[in-house]
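**Q** sequence first, predicted coordinates after that:
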Amino acid sequence: MIVRAWLGRVRATDAPAYLDYLRRTGLADYAATPGNDGVTVLRRTDGDVTEFLLLTRWTSWDAIRAFAGDPADRARYYPEDDRFLLDLPERVIHWEDVSEG
């Protein structure tokens with residue numbers, strides 16, 4: 001299993017609207033992509049900034065590329081992300097999940 005980690009930062013006042021937007025875009029796309037084995041969405045507010053950490057689980061690199069394109073570590077963005085996100089990191093981080101056998 002491969003875990004893909006992406007971190008996005010928004011203004012704290014935009015956090016509820018961004019979470020709704022995220023559910024309609026990225027989270028829906030994850031669920032629709034064969035080889036995606038789920039997502040964990042973590043949220044943390046520090047002052048006037050809220051961070052969203054998305055940890056998606058994938059069965060293979062091919063499944064990740066079907067979602068993100070090539071290279072597989074390229075972040076994928078949606079049309080209104082510019083409206084919400086304070087920055088748009090170009091890359092994500094991948095981890096190999098070795099917690100089971």
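**A** Perfect, thanks for sending it. Numbering: from 1, shown residues only.

**Q** residue ranges with poor pLDDT in the chain?
**A** Applying pLDDT under 70 to the chain flags residues 101.

**Q** hey, where'd the helices end up in it?
**A** 15-24, 26-32, 61-68, 81-84 (DSSP state H).

**Q** which among those helices is found nearest to W95?
**A** helix 61-68 (12.0 Å; CB to CB). In short, each C-beta sits where N, CA and C put it, glycine included.

**Q** quick check: buried residues in the closest one?
**A** Residues of helix 61-68 classed as buried: A63, I64, F67, A68 (neighbour count, 16 or more other CB atoms under 10 Å).

**Q** same deal with stretch 7-15?
**A** G8, R9, V10, D14, A15.

**Q** if I look at the first one, how far off is L54?
**A** According to CB to CB, to the nearest Å, G8 and L54 sit 8 Å apart.

**Q** now, among the buried residues of stretch 7-15, which is nearest to R91?
**A** Once CB to CB is applied, the member of these that ends up nearest R91 is G8, at 12.9 Å.

**Q** for V39, see how far away A5 is.
**A** A5 is 11 Å from V39, by CB to CB.

**Q** scratch that, F52 is what I was asking about
**A** 11 Å.

**Q** compare the two and say which is more crowded by neighbours.
**A** F52 (20 against 15; other CB atoms under 10 Å).

**Q** now do the contacts for the closest residue to that one other than its chain neighbours.
**A** Of all residues not flanking F52 in the chain, G8 sits nearest, at 4.8 Å (CB to CB, 6 or more residues apart in numbering). By CB atoms under 8 Å, 6 or more residues apart in numbering, the residues touching G8 are Y18, E51, F52, L54, D81, F84, L85, P89.
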